[in-house]
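Asks: next come a sequence and a model predicted from it.
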Amino acid sequence: DASTSIVPTSVGRKSIILTHASTSNLYVATGVAASTTSLPIVANQVIGFDDYTGPINAIAEEQAGTISVRYIEIA
């Protein structure tokens, strides 16, 4: 599977909070294509990034089905 951009670049962003609302693992990377060696986020986990304005990319584990990620940006 290919990595997908889930959050675009935002030059005014101070921080961002991601909520992974799916039942399978997701792997995220900042600024580069995500792979299964990227930062893992388990189902229903919330993570945040401070002082990052670039894109966030993700890839789901195999056989993941539908992935749902929600985010809040703080400017």
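Replies: Everything's here; your move.

Asks: quick check: the gap between residue 15 and residue 52.
Replies: Computed as Cβ to Cβ, to the nearest Å, the residue 15 to residue 52 distance reads 8 Å. In this view, the C-beta of every residue, glycine as well, is placed from N, C-alpha and C.

Asks: who has more neighbours out of those two?
Replies: residue 52 (17 against 14; other Cβ atoms under 10 Å).

Asks: what distance do you get for the spatially most central residue of the chain to residue 37?
Replies: By Cα atoms, centre = their mean, the chain has its centre lying nearest to residue 28, at 4.6 Å. As judged by Cβ to Cβ, residue 28 and residue 37 stand 12 Å apart.

Asks: contact partners for residue 75?
Replies: 10, 12, 13, 14 (Cβ atoms under 8 Å, 6 or more residues apart in numbering).

Asks: ranking these by neighbours, who comes first?
Replies: Ranking these using other Cβ under 10 Å puts residue 13 first, with 18 neighbours.

Asks: confidence score at it?
Replies: Here the pLDDT value assigned to residue 13 is 94.

Asks: residues contacting it?
Replies: Counted by Cβ under 8 Å, 6+ apart, residue 13 has contacts 52, 53, 73, 74, 75.

Asks: now do 10 Å
Replies: Residues near residue 13 by Cβ atoms under 10 Å, 6 or more residues apart in numbering: 7, 49, 50, 51, 52, 53, 54, 73, 74, 75.

Asks: so what's the closest residue to the second one other than its chain neighbours bridging to?
Replies: In other words, residue 49. Excluding the flanking residues, the one nearest residue 49 by Cβ to Cβ, 6 or more residues apart in numbering is residue 16, at 5.3 Å. Here residue 16 sits in beta bridges with residue 49, residue 73, going by DSSP bridges.

Asks: make 55 the starting number, not 1.
Replies: Sure, I'll start counting at 55 from here, so that last one is residue 70.

Asks: who's in contact with residue 70?
Replies: So residue 70 contacts 61, 64, 84, 101-104, 106-107, 110, 125-128 (Cβ under 10 Å, 6+ apart).
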